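> please work out how this folds:
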Amino acid sequence: MYWRRDVQGSDAEIDFLYQYDTQLIPVEVKSGHNSKLKSLHIFMNDAPHNFAIRIWQNSLSVDDLQTPAGKKFRLLNLPFYYISVLDKIVSRYI
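Numbering: from 1, shown residues only. The predicted structure is shown next:
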């Protein structure tokens, strides 16, 4: 599954939605470190939880972020090679 904002003129989309327990966690796949994550911030503003995932080429880390609207959330930055153990890693941070 993926998410696309249903607002005229908007091109915001999330690459994947990952179901963890009863939550749909947004997953963005990025190759670089400087991505702005605009779509992720839009999604997180309306999400009933405060956890998101970025799959990337750098090392495992967790960032505490805030959307431009002020909602705080936690971003798990996960290297590509950890995809196969996503459930185990997410359970440590959520």
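
> buried residues, stretch 13-23. List them.
14, 15 (16 or more other C-beta atoms under 10 Å). Where C-beta positions appear, they are placed from N, C-alpha and C, glycine not excepted.

> again with stretch 30-44
Counting neighbours by 16+ other C-beta under 10 Å, stretch 30-44 gives 30, 37, 39, 40, 41, 42, 43, 44 as buried.

> what about the fifth one, which SS state?
Same thing as residue 41. helix (DSSP: H, G, I helix; E, B strand; the rest coil).

> how close does it sit to residue 69?
8 Å (C-beta to C-beta, to the nearest Å).

> repeat that for the fourth one.
When C-beta to C-beta is applied, the distance between residue 40 and residue 69 equals 13 Å.

> what's downstream of the helix or strand of the chain with the lowest mean pLDDT, the next helix or strand?
None of the helices or strands of the chain scores lower by mean pLDDT, DSSP states H and E than strand 3-4, at a mean of 71. With elements assigned by DSSP states H and E, the helix or strand that comes after strand 3-4 is strand 13-14.
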